[in-house]
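Trainee: structure here, sequence nowhere to be found:
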């Protein structure tokens, strides 16, 4: 199960994920996020993974496709909350902006 909490504040869409981002949940999450980004012209997305318990290849792919949506809008995608539970390739994640907490996002987007 995946719980998604979204909040739009000061030009940034904050997306907080809790639970499992996997083959069962990733497609629905990606579709909802894509529609929100395209329909509202969102340029800045903060993806908070702090409370995410598990992510698999499908979940990673949905994150990177979300990154593509934001790039197409000439924006930035920022991730926070990557923790030791995730076994990820730092070369892949390294292409995304990372911040230590949600409040640090404002330094990246310069709002």
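Mentor: That came in fine, so what should we check first? Source: prediction; values computed, not measured.
Trainee: residues touching the helix or strand in which residue 68 is found, excluding its own?
Mentor: In the assignment (DSSP states H and E), residue 68 maps to helix 57-72. Helix 57-72 is contacted from outside by 20-23, 25-27, 29-30, 33-34, 37-38, 42-45, 47, 55, 76-77, 79, 88, 92, 95-96, using Cβ atoms under 8 Å, 6 or more residues apart in numbering. Any C-beta I mention is one placed from the backbone N, CA and C, and that applies to glycine too.
Trainee: what residues sit buried inside it?
Mentor: Of all the residues in helix 57-72, those buried under the rule 16 or more other Cβ atoms under 10 Å are 58, 59, 60, 62, 63, 66, 67, 69, 70.
Trainee: any idea how far residue 3 is from the fifth one?
Mentor: What that stands for is residue 63. 16 Å (Cβ to Cβ, to the nearest Å).
Trainee: with residue 100 instead?
Mentor: Taking Cβ to Cβ, one finds residue 100 at 22 Å from residue 3.
Trainee: looking at the two, which has the bigger crowd around it?
Mentor: residue 3 (12 against 9; other Cβ atoms under 10 Å).
Trainee: got a list of what the residue nearest to residue 99 when sequence neighbours are not counted touches?
Mentor: Using Cβ to Cβ, 6 or more residues apart in numbering and skipping the chain neighbours, the partner closest in space to residue 99 is residue 80 (4.8 Å). With contact set as Cβ under 8 Å, 6+ apart, residue 80 has these partners: 46, 47, 48, 49, 50, 98, 99, 100, 101, 102, 104, 105.
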